[in-house]
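K.L.:
Take this sequence and fold it.
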Amino acid sequence: MHGGRPVALVTGASAGIGAACVKVFAAAGWDVAAAARRTEKLDEIAQAVTAEVPGATILPLRCDVNSDDSVKDAFDAFRKRFGKLDALVNNAGYGVYGSVEETPLERFRANMETNYFGVLRCTQSALPLLREAAKGNRRRWGAAIVMVSSFVGRRALPGMASYCASKFALEGLSEALRIELADERVAVSVVNPGVTQTDFFKTAEGARPKGYLPPASGMSSEAVARVIFSAARRPRRNAYLTAAGKAGIAAQWLSPRLLDWIMKDNWAKSRKS
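P.N.:
Okay, here's the model as predicted:
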């Protein structure tokens, strides 16, 4: 059974924002379960983080969020090792590019399976542990769930409807869950990164439309991870990141028709090129 240090479980922890979260949480005095399919990457991350933060415990967990059995096994191993969970970071996911017409239905389903149902599997498995942690914590919010969404979870972009739809679904889940858990002091925060410097663009399926912001212009994974950690400590409804992302959200609220017009023009230029 675990001692007094707070514990986080991060999905999609083998690279990018997830790997950065492992480092940020550990550096702040947390123990972390790093969950992903690629266990060899998790072992490397665990060794690197414990070398930098000798007092931290990093538990690599093989977890395929698409599999009921894999998620169950991962949470069984987590409970056996730690016995409590102070923060769940639902980060696992991947991108899909392509127009609605050109993207096969199977690709839509697979994207939703990981980005939405994968989050739902992990959240349902984590809730008993989060409730236990909340009971033993006197802070206003005793435990936390942080959903890693996207700017496109609030404003869809042409050429990536599959990914946008999965993030819109995640936003809806979060809004309902936030109210359901409020009386139990389990907070639900959503972090909405814009373009981030990760392998997302290399691993995404399909071709990224021309004219979209280049990956190099985005935030670093570590900067996003620090916002995620802050949301785990001091919950917020949504945290919109990057100047472009904040501007887009403001434009969507003030004049969605104007934003439609801008995107329509850019999409037409992209299709011609």
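K.L.:
any idea how far the residue nearest to residue 28 when sequence neighbours are not counted lies from residue 260?
P.N.:
Leaving out its chain neighbours, the residue that sits closest to residue 28 by C-beta to C-beta, 6 or more residues apart in numbering is residue 229, at 6.3 Å. Just so you know, the C-beta spots here come from the backbone N, C-alpha and C atoms, and that holds for glycine as well. Taking C-beta to C-beta, to the nearest Å as the measure, residue 229 falls 35 Å from residue 260.
K.L.:
coming back round to it: neighbours around the residue nearest to residue 28, how many?
P.N.:
Residue 229: 21 surrounding residues under other C-beta atoms under 10 Å.
K.L.:
For residue 146, which three-state class applies?
P.N.:
Classification of residue 146 by DSSP: H, G, I helix; E, B strand; the rest coil places it in strand.
K.L.:
pretty sure it contacts residue 119?
P.N.:
No. If you go by C-beta atoms under 8 Å, residue 146 and residue 119 don't touch, sitting 11.0 Å apart.
K.L.:
where do the contact lists of the two overlap?
P.N.:
residue 90 (C-beta atoms under 8 Å, 6 or more residues apart in numbering).
K.L.:
just the strands in the stretch 51-200 of the chain please.
P.N.:
With DSSP state E, counting those that start in this stretch as the criterion, the stretch 51-200 of the chain has strands at 58-62, 87-90, 143-148, 186-192, 196-197.
K.L.:
would you turn the ones you listed into CSV with mean pLDDT, distance to residue 31 and mean neighbour count?
P.N.:
Converted to CSV, the strands of the stretch 51-200 of the chain look like this (pLDDT from 0 to 100; distance: least, C-beta to C-beta, whole Å; neighbours: other C-beta atoms under 10 Å):
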stretch, mean pLDDT, distance to residue 31, mean neighbour count
strand 58-62, 97, 7, 20
strand 87-90, 98, 11, 29
strand 143-148, 98, 15, 28
strand 186-192, 97, 19, 25
strand 196-197, 91, 25, 20
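K.L.:
Can you tell me which of the ones you listed is nearest to residue 28?
P.N.:
Checking the strands of the stretch 51-200 of the chain against residue 28 by C-beta to C-beta gives strand 87-90 as the closest, at 11.0 Å.
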